[in-house]
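# Show me how the following folds:
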Amino acid sequence: MSNRNEEVEQYMAALEHPLKAEIEAVRSAILASDKTLTERIKWKAPSFCHGGDDRVTFRLAPKGIFQVILHRGAKVKDATGFAFEDDSGLVEWAAVDRGVVTLKDAKDVKAKKAALVKLVGRWIQATVA
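Numbering: from 1, shown residues only. Predicted structure coming up:
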C-alpha cells in the first residue's frame, strides 16, 4: 500500500516551481523512508503526518527557494520538557519545537537530501513520544 496521497499528486503535477524536480525527489525520499507517514496539502504545500498529526511541511514560497518546516502540529503546543538534539547543522530554529531547513538550489538539495531525510526521521520519532 502506498502512502502517497492523490491530492498531493495532483498538486505536484500542477506545481510551477524552479525546484520542482528537487521538491519531488525530497518528497519521495521522505515517504519512502517511513511507510507509516501519510501526506496531505497543508499551508498550500505538501505536509507529512504521523498518526494524522502534521510534523513536517514544505514551504514553497518565495519561488526561488524551498524550505522544510519541522513542527509539532498546526497549533502551538507547550514546549516545556521538549528537547531535540540537532546534529545535522541544517536547521535554523525559530523555537525549541519549530525549525526551518532552507534549500537554495538544486546543488544544495542534492548535497543535503540524505541528511535531511535522516533528520526528518529523527524529528518524527522525537515528536511522536
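# did I read that right, Tyr11 in a strand?
No - with DSSP: H, G, I helix; E, B strand; the rest coil as the criterion, Tyr11 is helix rather than part of a strand.
# Pick out the residue nearest the middle of this structure.
Per CA atoms, centre = their mean, the C-alpha nearest to the average position across the chain is that of Val56, at 3.8 Å.
# Ignoring the adjacent residues along the chain, who's closest to that one?
Phe48 (4.4 Å; CB to CB, 6 or more residues apart in numbering). (C-beta placed from N, C-alpha, C; glycine too.)
# Ok, Asp53 next?
Asp53 sits nearest to Gly73 (CB to CB, 6+ apart), 5.2 Å away.
# need the contact list for that neighbour.
Going by CB atoms under 8 Å, 6 or more residues apart in numbering, Gly73 touches 53-55.
# that's a helix at it, yeah?
No - Gly73 is assigned coil when assessed by three-state DSSP, not a helix.
# By residue count, tell me the biggest helix in the protein.
Longest helix of the chain, by residue count under DSSP state H: helix 106-128.
# Not counting its own residues, what contacts the lowest-mean-pLDDT helix or strand in the chain?
One helix or strand of the chain scores below all others by mean pLDDT, DSSP states H and E: strand 92-95, with a mean of 91. With contact meaning CB under 8 Å, 6+ apart, strand 92-95 is reached by 79, 86, 99-102.
# picking up where we left off before, show me the beta-bridge partners of the residue nearest to the centre of the chain.
According to DSSP bridges, Phe48, Leu70 are recorded as the beta-bridge partners of Val56.
# measure it to Gly89 for me?
As for Val56, its distance to Gly89 is 18 Å (criterion: CB to CB, to the nearest Å).
# same thing with Arg122?
For Arg122, the distance to Gly89 - CB to CB - is 13 Å.
# Can you list the helices and strands that the helix or strand hosting Ala21 packs against?
Here Ala21 sits within helix 20-33, counting by DSSP states H and E. Helix 20-33 makes packing contacts with helix 6-14, strand 37-42, strand 45-50, strand 53-59, strand 66-70, helix 106-128 when contacts are defined by 3 or more CB pairs under 8 Å, 6 or more residues apart in numbering; DSSP states H and E.
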